[in-house]
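K.L.:
Quick one, fold the following:
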Amino acid sequence: MLDGKYLAPEYKTAFDEWATFTPMVMVGFGVDQLIDSDCHDTQYFSPKEKPWKIGRTLVDCFDIMNRTVYDKSLAPEGKTTLLMSFFSPWNLWEKMSFKSPEY
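P.N.:
Predicted coordinates for the structure are as follows:
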């Protein structure tokens, strides 16, 4: 769109030469009860020989964050906001459109 006219040289090098990272999927959930916890972030790891499957993605770990633990404004009183995240390869997402059944 801007043909790189306003791109600093450091960023050009990054875009041209650096490897990309695996995309992260983040899904938010509203829970109709209070989930009280001392920890706002918990990671779960699968056994190396048997990764879990979330949708079409094989994962060896995922993260669940209880956002309400440190910010009560993120959910009404007595409710909880959870955020789950995991890495998922780009090839599962790159051709998805609003019209595709997967969406």
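K.L.:
helices or strands next to the strand or helix carrying D63 in the packing?
P.N.:
Secondary-structure assignment from DSSP states H and E places D63 in strand 61-66. Helices and strands touching strand 61-66, by 3 or more Cβ pairs under 8 Å, 6 or more residues apart in numbering; DSSP states H and E, are strand 41-45, strand 80-87. For glycine as for every other residue, the C-beta is placed from the backbone atoms N, C-alpha and C.
K.L.:
Let's see that with 10 Å instead.
P.N.:
In terms of contacts (3 or more Cβ pairs under 10 Å, 6 or more residues apart in numbering; DSSP states H and E), strand 61-66 is packed against strand 24-31, strand 41-45, strand 52-54, strand 80-87.
K.L.:
Of the ones you listed, which stretch is the most buried?
P.N.:
Neighbour counts (mean count of other Cβ atoms under 10 Å) averaged over each of the helices and strands packed on strand 61-66 peak at strand 80-87, with a mean of 17.
K.L.:
Output the lowest mean pLDDT helix or strand found in the protein.
P.N.:
helix 9-17 (a mean of 85; mean pLDDT, DSSP states H and E).
K.L.:
List just the one of the helices and strands packed on strand 61-66 that sits closest to K95.
P.N.:
Of all those, strand 24-31 sits nearest to K95, with 15.9 Å by Cβ to Cβ.
K.L.:
avg pLDDT for the closest one?
P.N.:
Mean pLDDT, computed over strand 24-31, is 94.
K.L.:
for stretch 66-86, same thing?
P.N.:
Mean predicted lDDT for stretch 66-86 stands at 94.
K.L.:
what do you get for stretch 34-48?
P.N.:
91.
K.L.:
what's it in contact with?
P.N.:
Applying Cβ atoms under 10 Å, 6 or more residues apart in numbering, the external contacts of stretch 34-48 come out as 51-53, 58-71, 75, 77-86.
K.L.:
OK, contacts around the closest residue in space to H40 that isn't next to it in sequence?
P.N.:
Spatial nearest neighbour of H40, chain neighbours left out: V69 (4.0 Å); criterion: Cβ to Cβ, 6 or more residues apart in numbering. Each residue near V69 by Cβ under 10 Å, 6+ apart is listed here: 35-41, 80-81.
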